[in-house]
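A.B. asks: Let's see this in three dimensions:
(2 chains)
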Amino acid sequence: MSRPSDLVQGTLDLLLLKILALEPLNGWAISQRLKQVSGDILQVSDGSLYPALHKLEQQGWITAEWKATENNRRAKFYSLTRLGRGQLEKEAANWTRLSDAISNVVRLDYPQL
Amino acid sequence: MRIQHWMYELPLRFRSLFHRQRVEQELDDELQYHLDCKIDEYVTRGLAPREARYAAMRDMDGLAQRKEECRDARHVNAIENTIRDIRYALRVLVKSPGFTVVAIVTLAMAIGANAIAFGIMNGLILRPLNVPNSENLWGISYGDGSSWHSYPNYADLRDRNRSFEDVAAFTFAFAGMDIGKDPIVANGFSTTGNYFDVLGIQPYLGRFFHSSDEHGPNSAPYLVLTWAYWHAHFQDDRNVIGRTVRIDKHPFTIIGVAPRSFQGTVMFVSPDFFMPIVNHQQVEAEFRLDARGNERAIFELFGHLKPGVTRAQALADMNSIGAGLKKTYPNQFANNSSNLWRPGLSAFGGAARAFAGGVMMLAALILIAACMNLGNLFGARAADRSREVALRLAIGATRARILRGLLTEAVLLALAGGAVGLLGSVVLLEKLSLWQPFGGAPVHIPVTPDARIYFVALALALVSGFLFGIVPVRQVLRTDPYQVIKAGSRGPALRRISVRDVLLAVQIALCAVLVTSSMVALRGLVRSQHSDFGFEPRNTILVSTNLAMVGYNAEQTVAMQKRMIEAVETIPGVEHAGLVNNYPPLVYASAVKVSIFKDETRDLIPANVAARTYPYDVSPRYFAAAGTRLLAGRDFTWHDDRNAPRVAVVNREFAVRMFGSVAGAVGEHYRLQSGARVEVVGVAENGKYLSLTEDSQPAMFLPAVQSPLSASFLIVRSTGDQQQLSENIRAKIHGLETALPVDTNSWNAYLEIVLFPARAATMALGVLGALGAILSITGIFGMASYSVSRRLKELGIRLALGARRNEVLRTALGRSFKVLAFGSVVGLILGILASRVLASIVYQATPRDPIVLTAVVVAMGLLGLVATWIPAQRALSLDPLTLLRED
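C.D. replies: Modelled structure (predicted):
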């Protein structure tokens, strides 16, 4: 239960983008927020969070800057770029389509049985 | 989308690369912050600080791995690893300087040889003429299939064709140039007025002449100088434009200077000047612009094809014009074939192409051999380093990573070798392009290096780096770290035939091919210098004069030439003196054949030609002076003049072909193209006329008095000091005619030119052969010393058990010798097969020559001895005690 591949492929990216779409956050705050919004169902290990963030930054979807936190320490805050916003829309749409399709399959009745 | 993406990514990449410390620090800080928060959280939940810390670390699932993943996410690792590989490779290479130097030198030689070979090919074939749009410029021949044409034939093609933008033509002009000092001989081109316009070049100074300047014979006394001639004889004087100089006594106005990069339209020949062909009669009295039968008027035609016209269409067009001309002028025009070729190479195209191709091929062999050589060394080194490889594998390096390291070493070496080789080849090519192989002759070799050569060298370096870099791949892939570390670096036992043996054998075979080729070429050259030319070039001085340069007419010419011969004969030490019009045999490779007919033939048309023969117009005593033996009949006398019946001396080939035998030829008759009936009065031995490689060709000698020509060579045979004699001859002739330019040179000096292809081939093959020899030495040496060092312990034990010296040697080096012998035999056979190619360049280059075969065998044996000497010494001087104590 450590790698992001334990989540549905690409889901972690979507989650991170979505969370950052609301407000710029640092890594710790993102992990707290993840836990908070998804409860214990989607567990993302602390370790796998950062490579994912760095990958998103490298893609140009999020950008980082160093700012002071509320307890007055410096931390790296990530925020969504314009490029990232487009990506979020695309991935969200994809996700909706996929989850709809899966729901439909799961809800299928088999009258013969 | 992509571009936007890069806008974000590029700065990050640069930061990751160039501010590595800071980026790393930030990564640490970021993760540390997370960790601190986590610890705080655990502490709040009631864990002891120490416990909290452990728990937080556990949650991170390995801090170092996470960092590595972050770096991977940034793509930093790929670049950084490469940099690290390079650093590591450099350290390894510096640590073994011997190996590094050998490898770089080997590659430098191989890549340098290839760069030079390519430079030659580039200069001679790929980039024929230094003019704009040269890829669409074609040399043109129609009619009898040679490049020579008469002026009317040229004019008809120019005006009637529908395929060419325009057609220009030129021929050679040899003239006395009088610029106010002593007249000197200058070599130029007589060109049609549109010559420069067709080429599309602009003058460096002044203007060029154009079609509009031509108004019939001798109407355009204009002169364009080449940059080099202007530079050498007018000291870069810009006021030269408008100046009048005398060419063969006729005034010409200098109107322009050609650009420096333009050296005429014949490869290897750099003219001094360009003059309009309409004035050519002023430098060659016999020249007639309007003589259709004068097929020697124009050397070459060329022009650009119109857009959209294919080569085939142009050929059809030319053929139809040729067919039309043949119909109109059946006696003066033969229409056999049409052809288009790269202009500039017409005279040497085949030979140059064969030469460049051959050298290129052999150079490629050198490179392959060098790669195999280095591949072998690399394999051996990898084997020696198997412990290091095993250790790295054991502590977690991937095999791919190790291979990348090895490949980096190979490519670094290849690039270094390539750079050194390229540098050397550029220097050599520059030298070669400035080289004037024959003192007076206007010859240069256009092989200035250009960007293509740099590119080729780089590509070769990379390719060869990869080639020899992949040799140890299998070895590394199979390495079992556990076994290697347990058993030491000895590795598995030698197999019967290893990949490295095969590589070495192939390499030696290739080198033996090169050695064989160079021996064959060398032998051919030696033979050609001592072969029978049909004359005796030793102790002979050739005196070149052109009486047209001092304005003599035909009558005066004959009288003057006779006086010159008589005057020279009075010089002490002179045995014989004789004269030949135009050029003697083999001088400037200038012989051209003419048609002759049977006596009974009445219709002197091309279809009835009995033979094509080289014609020479000679004075009495020419044969004695040239050292040509008369086999039957008599020599000419001064009485065989215009009033006497036409007579000829023919060579043996002519006599046999026309009349069946030498004895039967004397007294027989035949006809010339002019219709004149000629009686054979003598038969001379066969000789070489155009080139050393030709088969026996028919030749005829006619009395010079019966067809006088102002340009002639006086052949002077003497036993005295040649230098002194030359001065005496010049003094004597100047006593008769002060203003006449006189050139003296030994016949052998002129033969340099016909020997040049053989010389060049021998030189090139000699160098390549030497490279091949060096490569086989290093190859065998590498293998022998490796096998000795690898089996030191075993040899020590054998010695300790009482093995004799020759047994030790056999154990240590037997394998190397077997490989050497096998490779040499294969190479010798291949070399003999390949030498057929050489025969086309090098006279009498036959590989089935016991001397060549012996020389190759001895050479390869010696190479083997040299290469195994040091390893053998090492094996013999082993001290078993020391050895067995070690390790």
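A.B. asks: Go ahead and confirm residue B:799 touches residue B:878.
C.D. replies: Yes. The pair residue B:799 / residue B:878 is scored as a contact, 5.8 Å apart, by C-beta atoms under 8 Å. No exception for glycine: its C-beta is placed from N, CA and C like everyone else's.
A.B. asks: Can you check which residues contact both of the two?
C.D. replies: Common neighbours of residue B:799 and residue B:878 (criterion: C-beta atoms under 8 Å, 6 or more residues apart in numbering or on different chains): residue B:808.
A.B. asks: Let me see the contact set for residue B:514.
C.D. replies: By C-beta under 8 Å, 6+ apart, the contact list for residue B:514 reads B:362, B:365, B:366, B:369, B:765, B:768, B:769, B:771, B:772, B:773, B:831.
A.B. asks: Which residue, neighbours along the chain excluded, lies closest to it?
C.D. replies: Closest residue to residue B:514 in three dimensions, ignoring its sequence neighbours and counting by C-beta to C-beta, 6 or more residues apart in numbering or on different chains: residue B:772, at 3.1 Å.
A.B. asks: State whether that neighbour is indeed within a helix.
C.D. replies: Yes. Applying DSSP: H, G, I helix; E, B strand; the rest coil, one finds residue B:772 inside a helix.
A.B. asks: What about it, how many residues nearby?
C.D. replies: Using other C-beta atoms under 10 Å in any protein chain shown, residue B:772 has 30 neighbouring residues.
A.B. asks: again, but for residue B:770
C.D. replies: With neighbours defined by other C-beta under 10 Å, the count for residue B:770 comes to 14.
A.B. asks: can you pull the contacts of it?
C.D. replies: Listed by C-beta under 8 Å, 6+ apart, the contact partners of residue B:770 are residue B:518.
A.B. asks: From residue B:367, how far off is it?
C.D. replies: The spacing between residue B:770 and residue B:367, counted by C-beta to C-beta, to the nearest Å, is 15 Å.
A.B. asks: What of residue B:361?
C.D. replies: Counting by C-beta to C-beta, the gap from residue B:361 to residue B:367 is 11 Å.
A.B. asks: who's more crowded, those two?
C.D. replies: residue B:367 (25 against 14).
A.B. asks: What residues does that one make contact with?
C.D. replies: With contacts taken as C-beta under 8 Å, 6+ apart, residue B:367 has the following neighbours: B:110, B:111, B:113, B:114, B:460, B:464.
A.B. asks: Looks like the last one contacts residue B:415 (just checking).
C.D. replies: I take that to be residue B:464. No. In this structure, residue B:464 sits apart from residue B:415 without contact. The criterion is C-beta under 8 Å, and the distance is 10.1 Å.
A.B. asks: neighbour count winner among those two?
C.D. replies: Set residue B:464 next to residue B:415 and count neighbours by other C-beta under 10 Å: residue B:464 wins out with 27 against 17.
A.B. asks: What are the phi and psi values at the residue nearest the centre of chain A?
C.D. replies: Note on chain A: the residue nearest the mean C-alpha position is residue A:15, at 1.9 Å, using C-alpha atoms, centre = their mean. Residue A:15 has phi and psi values of phi -60, psi -50 when expressed as degrees, to the nearest 10.
A.B. asks: buried ones in stretch B:277-288?
C.D. replies: For stretch B:277-288, the neighbour count (16 or more other C-beta atoms under 10 Å in any protein chain shown) marks B:277, B:278, B:279, B:280, B:281, B:282, B:283, B:284, B:285, B:287, B:288 as buried.
A.B. asks: Quick one: check stretch B:20-28 for contact with chain A.
C.D. replies: Yes. Using C-beta under 8 Å from any C-beta of the partner chain, stretch B:20-28 comes into contact with chain A via residue B:26.
A.B. asks: List the contacts of that stretch.
C.D. replies: Identification of contacts with stretch B:20-28 by C-beta under 8 Å, 6+ apart yields A:66, A:76, B:15, B:16, B:67, B:70, B:71, B:74, B:76, B:80.
A.B. asks: for the helix or strand containing the second one, which positions count as buried?
C.D. replies: Using DSSP states H and E, residue A:76 sits in strand A:74-80. Using 16+ other C-beta under 10 Å as the test for burial, strand A:74-80 gives A:75, A:76, A:77, A:78, A:80.
A.B. asks: ditto for stretch B:466-477
C.D. replies: In terms of neighbour count (16+ other C-beta under 10 Å), stretch B:466-477 has its buried residues at B:467, B:468, B:469, B:471, B:472, B:473, B:475, B:476.
A.B. asks: Next: stretch B:581-590.
C.D. replies: By neighbour count with 16+ other C-beta under 10 Å, stretch B:581-590 contains the buried residues B:581, B:582, B:583, B:584, B:585, B:586, B:587, B:589.
A.B. asks: Return the closest of those with respect to residue A:25.
C.D. replies: Distance to residue A:25 across these (C-beta to C-beta) is lowest for residue B:589, with 87.4 Å.
A.B. asks: per-residue confidence for that closest one?
C.D. replies: What the model reports for residue B:589 is a pLDDT of 62.
A.B. asks: quick one, what contacts the residue of chain B found nearest chain A?
C.D. replies: Across chain B, the shortest distance to chain A (C-beta to the nearest C-beta) belongs to residue B:8, at 2.8 Å. Residue B:8 makes contact with A:59, A:60, A:63, A:81, A:83 under the criterion C-beta under 8 Å, 6+ apart.
A.B. asks: By neighbours, which of those residues wins?
C.D. replies: Across the contacts of residue B:8, neighbour numbers were computed from other C-beta under 10 Å; residue A:60 holds the maximum, 22 neighbours.
A.B. asks: starting at the chain centroid, how far to stretch B:380-396?
C.D. replies: A distance of 46 Å separates the C-alpha centroid of stretch B:380-396 from that of its chain, computed with C-alpha atoms, centre = their mean, to the nearest Å.
A.B. asks: cool, and stretch A:55-66?
C.D. replies: How far stretch A:55-66 lies from its chain's middle: 13 Å, per C-alpha atoms, centre = their mean.
A.B. asks: Not counting its own residues, what contacts it?
C.D. replies: The list of residues contacting stretch A:55-66 from outside it, by C-beta under 8 Å, 6+ apart, reads A:13, A:16-17, A:20, A:53, A:74-81, A:83-84, A:87-88, B:4-5, B:7-9, B:12, B:26, B:73-75.
A.B. asks: So which of those sit within strands?
C.D. replies: Secondary structure assignment (DSSP state E) places A:74, A:75, A:76, A:77, A:78, A:79, A:80 from the contacts of stretch A:55-66 within strands.
A.B. asks: which of these are close to chain B?
C.D. replies: Cross-checking the ones in strands among the contacts of stretch A:55-66 against chain B (C-beta under 8 Å from any C-beta) gives A:74, A:75, A:76 as the overlapping residues.
A.B. asks: wait, isn't the last one in contact with residue A:25?
C.D. replies: Translated: residue A:76. No. With contacts counted by C-beta under 8 Å, residue A:76 stays clear of residue A:25, the gap being 9.9 Å.
A.B. asks: sorry, back to before: check pLDDT for the contacts of stretch B:20-28 and point me to the minimum.
C.D. replies: Among these, residue B:76 has the lowest pLDDT, at 66.
A.B. asks: With adjacent residues omitted, what lies nearest to the residue in chain A that chain B sits nearest to?
C.D. replies: Using C-beta to the nearest C-beta, the closest approach of chain A to chain B is made by residue A:60 at 2.8 Å. Leaving aside its sequence neighbours, residue A:60 sits nearest to residue B:8 (C-beta to C-beta, 6+ apart; 2.8 Å).
A.B. asks: Make sure residue B:880 is actually in contact with residue B:800.
C.D. replies: Yes. The pair residue B:880 / residue B:800 is scored as a contact, 3.9 Å apart, by C-beta under 8 Å.
A.B. asks: quick one: which of the two has more around it?
C.D. replies: Here residue B:880 and residue B:800 are compared on neighbour count by other C-beta under 10 Å; more neighbours surround residue B:880, at 17 against 14.
A.B. asks: Cheers, nothing more for now.
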